[in-house]
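Enquirer: Pasting a predicted model and its sequence here:
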Amino acid sequence: MAEGDGAIYNNFKEQVMEGEFDLADDTIKVGLLASYTPDIDSHTQWSDVSGTEESGTGYSAGGETLASKTVTQDDSNDRGVFDAADLTWSGLDVGTPAYAIMYDDTHASDLLIAYWELGRASNGGDYTLQWNASGIILLT
């Protein structure tokens, strides 16, 4: 995998179809992990992955909350779009985060949504995850 590559957890796919998520209104967070071996089949909740969560200057346990979330219907491209503002950790100095993990903090079990491979060092400056201009998750 290369930086920016990622995947959506299979449990999230099922739970969306069962109506368990409200991405526009639930508290959606992104945590940073120092290391991780992705398993989209069996990892379902934050506690499955948080054992290698980053810690250090500029990082709060549990990660950052997404702001300006939207869920829209894109008829021109025949898809549903979930998007939010880019995330910035101010003064982040934790080394080189390996993965960003998105999860729903509203659910008691903090259900996992998706992950992305990182690999860019933090050096005490602002560290920004910039989402794709088309959206974070596209359902086609």
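Expert: All right, it came through fine. Predicted model only: the values in this text are computed from it and were never measured.
Enquirer: What count of nearby residues applies to S60?
Expert: 10 (other CB atoms under 10 Å). Quick note: C-beta positions are derived from backbone N, CA and C, even for glycine.
Enquirer: Against A85, how distant is it?
Expert: S60 sits 17 Å away from A85, taking CB to CB, to the nearest Å as the criterion.
Enquirer: And for T106?
Expert: In terms of CB to CB, T106 sits 18 Å off from A85.
Enquirer: Compute the number of surrounding residues for the residue lying closest to L87 once chain neighbours are set aside.
Expert: Excluding its sequence neighbours, the residue lying closest to L87 (CB to CB, 6 or more residues apart in numbering) is L129, at 4.5 Å. For L129, the neighbour count with other CB under 10 Å is 19.
Enquirer: contacting residues around the helix or strand containing A114?
Expert: Using DSSP states H and E, A114 sits within strand 111-117. For strand 111-117, the external contacting residues (CB atoms under 8 Å, 6 or more residues apart in numbering) are 1-9, 11-12, 15, 20-21, 28, 36, 38, 43-46, 48-49, 98-104, 129, 136-137.
Enquirer: At the geometric centre of this protein, which residue do we find?
Expert: M102 (2.2 Å; CA atoms, centre = their mean).
Enquirer: any idea of the mean pLDDT in the strand holding A114?
Expert: For strand 111-117, mean pLDDT is 97.
Enquirer: try stretch 41-56
Expert: 97.
Enquirer: which parts of it are buried?
Expert: H43, T44, Q45, W46, D48, V49, S50, E53, E54 (16 or more other CB atoms under 10 Å).
Enquirer: Which positions in stretch 31-41 come out as buried?
Expert: Buried residues in stretch 31-41 (16+ other CB under 10 Å): G31, L32, L33, A34, Y36, P38, I40.
Enquirer: Which of the residues you listed fall within strands?
Expert: Among those, the members falling in strands (DSSP state E) are G31, L32, L33.
Enquirer: Format those residues as TSV; extra columns: distance to T72 and pLDDT.
Expert: Compiled in TSV, those are given as follows (distance: CB to CB, whole Å; pLDDT from 0 to 100):
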residue	distance to T72	pLDDT
G31	25	98
L32	27	97
L33	29	97
